[in-house]
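Chemist: pasted the sequence and its predicted model underneath.
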Amino acid sequence: MKKLILTLLLVVSHNAFSQQILPESERARVVDEILEERFNLLLPQLMDDTGIDLWVVISREYNEDPVLKTMLPATWLNARRRTILVFYRDKEKKIIDKLAVARYNVGKSIVSAWDKEKEPNKWKRLMELIEERDPKKIGLNFSKDHNIADGLDKTDYDEFMANLPKKYHSKVMSAEQLAVRWIETRTPREMTIYSQLVDITHDIIAEAFSEKVITPGITTTTEVEWWMRQKVTDLGLETWFHPTVDIQRSSGELVGHLYSFSGRPDNMVIQPGDLLHCDFGITYLRLNTDCQELAYVLKPEETKAPDFLINALKDGNRVQDFLTKNMIEGRTGNQILAQALKEGREAGLHPAIYTHPLGSYGHSAGTTIGMWDSQGGVMKDDGENYPLNPNTVYAIELNTTVNIPEWKRDIRIMLEEAGFFGEEGFRYVNGRQTELMLIPRPKQQLSN
């Protein structure tokens, strides 16, 4: 009977997820509609803001520029042969040309501008398009500071410069600001969808950290990790990194930050009294989530988590608040980091902040607010001087070290939630964890 009930619970859970997740054909429709909005409404403004009137994006099949991958229609899983896209913006005439030096259109917006029968050489045709428009600034995707904006390979750069008329050589510049703005900026429709993505992520974690999956004394951390991975696959989704689950308990000592990323023991058996932590994210509709949450495994006589763990989570939430209130437009990541750490330490906390941009990629392009091993600020080649811009999403990732006298040790409260910075300031995309999940769930939690 118990097995039947568990099976029914899992079926109901899967159906609940399925109601939120689109079939492949509908996903393609949504992806392409959003792409059209981004090309027609967002891109002209970004080109005006960055002062680049002609942007050339070049990639070859299976060696795609990270920017180009975000520009392909849903039915294009890769570039084809050598794919060349040209975007030209005439601000005065309020027009934007979206062209492909290819024999076919690239999606609905990007129109083919090459007839091979008339001009067999693709590079020569590209140069004709450039000369016809006579741009002031030609942006190419090379960058020292932003890896995602550095997608132009040497072969294509050399070919481009060899074919470009000499009079335009001085107009070639890095398109890193435009590339990063394209990658980091979200539209209103994308943000509506983003909330659903984070909701799905939270639901998967909640199910993983429950008696549906975990039987104390039997289930291991590795089994929960693979359950999460399989759940993502069963729902028709993808994950951009392998999930991790780790344990802090009374019999142990605090280890270094590196433990959170590498070197954790496998197959630790989950026991009553354990504090569980996971790191988990999904990819859906070309957006990514990244979430870390905590759960407590109840001892037989317990109906709630110990107060010292409840209060420790509150300390983690306080660090989040110090960070997010300092997220002010125009500040660099290093400025935000320094002020948030200062305020947190003055409040008696022991914080570490390593928040990264989130969106088209899990570790995306934009404002980096610390790294776990760079609490004094990130270096220039990690985007040190890049300012916080509106309509951007971040993985609010951080921790605080808390001393637990009852366990005679320190623990680390590690949290991560998707947050949106917009014209009106900061907000969480789909809430944040303020209460520990309990295993097993009390009846009142199960009913919520």
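Modeler: Yep, that arrived.
Chemist: just give me the longest helix of this protein.
Modeler: helix 188-208 (DSSP state H).
Chemist: pull that helix out as PDB, backbone CA atoms only.
Modeler: Taking Å, rounded to 0.1, in the frame of the first residue of the first chain, the C-alpha atoms of helix 188-208 are listed here in PDB:
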ATOM      1  CA  PRO A 188       9.800  41.800 -20.000                       C
ATOM      2  CA  ARG A 189       8.500  38.600 -21.600                       C
ATOM      3  CA  GLU A 190      11.700  36.800 -20.800                       C
ATOM      4  CA  MET A 191      11.300  37.800 -17.100                       C
ATOM      5  CA  THR A 192       7.700  36.500 -17.100                       C
ATOM      6  CA  ILE A 193       9.100  33.200 -18.300                       C
ATOM      7  CA  TYR A 194      12.100  33.300 -15.900                       C
ATOM      8  CA  SER A 195       9.800  33.200 -12.900                       C
ATOM      9  CA  GLN A 196       8.300  29.900 -14.200                       C
ATOM     10  CA  LEU A 197      11.800  28.500 -14.700                       C
ATOM     11  CA  VAL A 198      12.800  29.300 -11.100                       C
ATOM     12  CA  ASP A 199       9.500  27.900  -9.900                       C
ATOM     13  CA  ILE A 200      10.300  24.600 -11.600                       C
ATOM     14  CA  THR A 201      13.800  24.600 -10.200                       C
ATOM     15  CA  HIS A 202      12.400  25.200  -6.700                       C
ATOM     16  CA  ASP A 203       9.800  22.400  -7.200                       C
ATOM     17  CA  ILE A 204      12.500  19.900  -8.200                       C
ATOM     18  CA  ILE A 205      14.600  20.700  -5.100                       C
ATOM     19  CA  ALA A 206      11.600  20.500  -2.800                       C
ATOM     20  CA  GLU A 207      10.800  17.000  -4.100                       C
ATOM     21  CA  ALA A 208      14.400  15.900  -3.900                       C
END
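Chemist: can we start the residue count at 9 from this point?
Modeler: Sounds good: first residue 9 from here, last item helix 196-216.
Chemist: can you name every helix or strand that it contacts?
Modeler: helix 10-28, helix 32-45, helix 229-242, strand 283-288, strand 295-296, strand 299-305, strand 417-430 (3 or more Cβ pairs under 8 Å, 6 or more residues apart in numbering; DSSP states H and E). The way it works is simple: take the backbone N, C-alpha and C, and place the C-beta from them, glycine included.
Chemist: who touches it?
Modeler: Helix 196-216 is contacted from outside by 21, 24-25, 28-29, 38, 41-42, 45, 194, 221-222, 232, 235-236, 239-240, 243, 245, 253, 286, 288-290, 292-293, 295, 297, 299, 301, 401, 425-426, 428, 437-439, 445, using Cβ atoms under 8 Å, 6 or more residues apart in numbering.
Chemist: next, the angle from it to helix 32-45.
Modeler: Here helix 196-216 runs at an angle of 140 degrees relative to helix 32-45 (axes from the mean of the first three to the mean of the last three Cα atoms, to 10 degrees).
Chemist: check which residues of helix 196-216 are buried.
Modeler: Neighbour-count burial for helix 196-216, with 16 or more other Cβ atoms under 10 Å as criterion, is recorded at 198-199, 201-202, 204-206, 208-216.
Chemist: before we move on, back to that, pull out the buried members of the contacts of helix 196-216.
Modeler: 21, 25, 29, 42, 45, 194, 221-222, 232, 235-236, 239-240, 243, 245, 253, 286, 288-290, 292-293, 295, 297, 299, 301, 401, 425-426, 428, 437-438, 445.
Chemist: wait, a helix at residue 47?
Modeler: Yes: Residue 47: assigned to a helix according to DSSP: H, G, I helix; E, B strand; the rest coil.
Chemist: tell me how far it lies from residue 144.
Modeler: Residue 47 is 21 Å from residue 144, where distance means Cβ to Cβ, to the nearest Å.
Chemist: among those two, which residue is more densely surrounded?
Modeler: Taking other Cβ atoms under 10 Å, residue 47 and residue 144 do not tie; residue 47 has more neighbours (18 against 10).
Chemist: could you measure from the nearest residue to that one once chain neighbours are set aside over to residue 56?
Modeler: Closest residue to residue 47 apart from its sequence neighbours, by Cβ to Cβ, 6 or more residues apart in numbering: residue 117 at 4.5 Å. For residue 117, the distance to residue 56 equals 18 Å [Cβ to Cβ].
Chemist: more neighbours: the two, which one.
Modeler: Legend: neighbour count by other Cβ under 10 Å for residue 117 and residue 56, higher for residue 117 (19 against 13).
Chemist: and that one, what does it touch?
Modeler: Contacts of residue 117 (Cβ under 8 Å, 6+ apart): 43, 44, 47, 48, 106.
Chemist: pick the one among the residues you listed closest to residue 249.
Modeler: residue 43 (24.7 Å; Cβ to Cβ).
Chemist: look up how far residue 220 lies from the closest one.
Modeler: Distance of residue 43 to residue 220, given as Cβ to Cβ: 37 Å.
Chemist: for residue 324, same thing?
Modeler: For residue 324, the distance to residue 220 - Cβ to Cβ - is 26 Å.
Chemist: the more surrounded of these two?
Modeler: Neighbours were counted for residue 324 and for residue 220 using other Cβ under 10 Å; residue 324 has more, 24 against 17.
Chemist: now the angle between strand 283-288 and the helix or strand hosting that one, please.
Modeler: Assigned by DSSP states H and E, residue 324 belongs to helix 315-333. Between helix 315-333 and strand 283-288, the angle comes out at 30 degrees (the same axes, to 10 degrees).
Chemist: so how far is helix 315-333 off the chain centroid?
Modeler: Taking Cα atoms, centre = their mean, to the nearest Å, the mean C-alpha location of helix 315-333 is offset from the chain mean by 23 Å.
Chemist: with stretch 246-260 instead?
Modeler: The answer for stretch 246-260 is 19 Å, by Cα atoms, centre = their mean.
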